[in-house]
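Q: Got a predicted structure plus its sequence, pasted below:
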Amino acid sequence: EGIGQIFERVAREIKSTGSQLHTNSTAVNLTVDDHQISRLTIKNHKSKDTKVIECKAVISSIPINDLVGAMRQFSPTKITAEAKTFKYRSLILVYLMLDTPKVTDKVMYYLIDKKFRFHRVSELTNVKTGFIPANRTVLCMEICCSDNDKTWEMEDKELYDLAVNDLEKFG
């Protein structure tokens, strides 16, 4: 259970409308006619085959710079060039199991003050995952960073200490 449930539900909803769901594929070209997507060309990661699909709409989970790149016919060169400069952030999750049934009744807190290094705390017991032992709770601490920066290179113990420090500041 957990975040995967969201994607499984979205997949069921898409299929229930009679729409197609293509996984393990990348959009390599979107054809736009009169400001509306009319065809999509996808490449399957496993078979390497390409397929052209007639469509009225597309839901995509690929990075926005790749999506803009696939809209060659529609995207002005300047937009395509700008999209290539987008940088992505990485996410580190630190899980802390506590010997208490619950810390709070909330699912998550956002730590927006600059005194915190982590930006969000989720109490997984409140999500009802069924994976947490009785009389315990699990906090998930989230921190964004860039690949190969100081935070990304930290050892587990350093990340643990940072998480505990932020929880102490949070109270």
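A: Yep, it's here. Quick caveat, the model's predicted, so the values are computed rather than measured. Numbering: from 1, shown residues only.
Q: check which helix or strand covers the closest residue to residue 165 other than its chain neighbours.
A: Leaving aside its sequence neighbours, residue 165 sits nearest to residue 117 (Cβ to Cβ, 6 or more residues apart in numbering; 7.6 Å). For every residue, glycine as well, the C-beta is placed using N, CA and C. For residue 117, there is no host helix or strand (DSSP states H and E).
Q: what's the burial count for residue 117?
A: When neighbours are defined as other Cβ atoms under 10 Å, residue 117 has 16 of them.
Q: List phi and psi for it.
A: Here is the backbone geometry of residue 117 (degrees, to the nearest 10): phi -90, psi -40.
Q: need the helices for this protein, in chain order.
A: 3-16, 64-70, 77-83, 156-170 (DSSP state H).
Q: And the third one, what's buried?
A: Which is helix 77-83. 80, 83 (16 or more other Cβ atoms under 10 Å).
Q: do the same with stretch 31-43
A: For stretch 31-43, the buried set under the neighbour-count rule, 16+ other Cβ under 10 Å, comprises 31, 37, 40, 41, 42.
Q: so residue 124 makes contact with residue 140?
A: Yes - the pair residue 124 and residue 140 passes the contact test of Cβ atoms under 8 Å, sitting 5.8 Å apart.
Q: Touching both of the two, which residues are there?
A: Taking Cβ atoms under 8 Å, 6 or more residues apart in numbering as the contact rule, residue 124 and residue 140 both touch residue 95.
Q: circling back: any chance of the buried residues of stretch 31-43 in a markdown table with pLDDT and distance to residue 4 as columns?
A: Putting the buried residues of stretch 31-43 into a markdown table (pLDDT from 0 to 100; distance: Cβ to Cβ, whole Å) gives the following:
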| residue | pLDDT | distance to residue 4 |
| --- | --- | --- |
| 31 | 84 | 32 |
| 37 | 83 | 28 |
| 40 | 88 | 25 |
| 41 | 90 | 28 |
| 42 | 90 | 23 |
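Q: and which of those residues is nearest to residue 52?
A: residue 41 (5.1 Å; Cβ to Cβ).
Q: Go ahead and confirm the residue nearest to residue 165 touches residue 166.
A: Yes - counting by Cβ under 8 Å, residue 166 is a contact partner of residue 117 at 5.8 Å.
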